[in-house]
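1. Sequence unavailable; structure follows:
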């Protein structure tokens, strides 16, 4: 009997793109080269399969007529996972997206990012404005990404298994451990790198000018910050994802449908 979920869960083999500082970034593509391209970039401690394939995004974007180009961000999935915090500056993460676009010969694209992928998307939309036509930023933080993570507790857990008592940090540890293949040392380096970066706070006075859909769960603690960023953006729009918190919003059908409708506007 045919697997009814095959289309939802099928993953091509990764194609590796070498970026400027020598790391390999795993990429995945679905659809025809002649179709308009949507680049999808996942959140912290996730990957392409977890954020976009298992949740139905790739399936629905393909059905809407898009070519989908997905990226495992450095430190995640099948991409290289350096353990040095300095390798996770947001500008580096944004430049990884540019390198992927160059390698696939994509002149213009639409962009969908969630959480860390949305924060990277803010940079991408600013830095490569001529190439990014429309943007969906889901669960975008309005301050330092991962700022609520207790780094000393997380470091002690990674190094010697010391139990974590901070509730927020416990949630992040559970998040990292539920996704197969996650490297806790690399993820800790990402959190530390975000703290070190000089570009971690979205500047509303420098909001990207493209049409942007901001989408955040109604139960997400960052919702008001995301709403404020939408108000500050020249062509920003905000939608509230009903009944969802930060970690389960990507699986919302409402979110997918709102995003795909927005991407198709002219």
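-> Everything's here; your move. Fair warning: this is a prediction, and the values are worked out from it, not measured in the lab. Numbers count the residues shown, from 1 in each chain.

2. Point out where the stretch 51-200 of the chain drops to low pLDDT.
-> Scanning the stretch 51-200 of the chain for pLDDT under 70 picks out the ranges 143-146, 197-200.

3. Can you list the residue ranges for helices in it?
-> Listed from the start of the chain, the stretch 51-200 of the chain has helices (DSSP state H, counting those that start in this stretch) covering 57-63, 90-103, 116-127, 151-160, 167-178, 184-196.

4. Looking at these, which one is packed in the most?
-> With neighbours defined by mean count of other CB atoms under 10 Å, none of those is more surrounded on average than helix 116-127, at a mean of 25. (C-beta placed from N, C-alpha, C; glycine too.)

5. Hey, what's the angle from it to helix 184-196? Just curious.
-> Here helix 116-127 runs at 40 degrees with respect to helix 184-196, directions being taken by axes from the mean of the first three to the mean of the last three CA atoms, to 10 degrees.

6. elements contacting helix 116-127?
-> Judged by 3 or more CB pairs under 8 Å, 6 or more residues apart in numbering; DSSP states H and E, the packing partners of helix 116-127 are strand 37-41, helix 90-103, strand 109-114, strand 132-138.

7. again, 6 Å this time
-> Packing contacts for helix 116-127, counted by 3 or more CB pairs under 6 Å, 6 or more residues apart in numbering; DSSP states H and E, involve helix 90-103, strand 132-138.

8. Now do that helix: distance to the chain's middle.
-> 9 Å (CA atoms, centre = their mean, to the nearest Å).

9. likewise stretch 214-223?
-> The mean C-alpha position of stretch 214-223 is separated from the chain mean by 15 Å, CA atoms, centre = their mean.

10. Over to that stretch now: how far is its first residue from its last?
-> Start and end residues of stretch 214-223 are separated by 10 Å (CA to CA, to the nearest Å).

11. Kindly report the same for stretch 44-53.
-> Distance between the boundary residues of stretch 44-53 (CA to CA) amounts to 16 Å.

12. same thing with stretch 231-245?
-> Using CA to CA, the gap from the first to the last residue of stretch 231-245 comes to 21 Å.

13. list the buried ones in that stretch?
-> Using 16 or more other CB atoms under 10 Å as the burial criterion, the residues of stretch 231-245 that qualify are 233, 236, 237, 238, 239, 240, 241, 244, 245.

14. With pLDDT and secondary structure as extra columns, can I get those in CSV?
-> Output for the buried residues of stretch 231-245, formatted as CSV (pLDDT from 0 to 100; DSSP: H, G, I helix; E, B strand; the rest coil):
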residue, pLDDT, secondary structure
233, 96, coil
236, 98, strand
237, 98, strand
238, 98, strand
239, 98, strand
240, 98, strand
241, 98, strand
244, 97, coil
245, 94, coil
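
15. Nearest to residue 148, out of these: which one, please.
-> Taking CB to CB as the measure, residue 245 is the one of the buried residues of stretch 231-245 closest to residue 148, at 13.7 Å.

16. burial measure for residue 16, as a count.
-> Residue neighbour count, defined by other CB atoms under 10 Å, stands at 16 for residue 16.

17. what's the spacing between the residue nearest the centre of the chain and residue 90?
-> The central residue of the chain, meaning the one whose C-alpha is nearest the mean C-alpha position (CA atoms, centre = their mean), is residue 117 at 2.1 Å. Using CB to CB, to the nearest Å, residue 117 is found at 11 Å from residue 90.

18. got it, and residue 60?
-> Between residue 60 and residue 90 the distance is 28 Å, computed by CB to CB.

19. just residue 221 next, same as before
-> Between residue 221 and residue 90 the computed distance is 21 Å (CB to CB).

20. ok so, going back, quick one: closest of the helices and strands packed on helix 116-127 to residue 195.
-> Relative to residue 195, the nearest member of the helices and strands packed on helix 116-127 by CB to CB is helix 90-103, separated by 11.5 Å.
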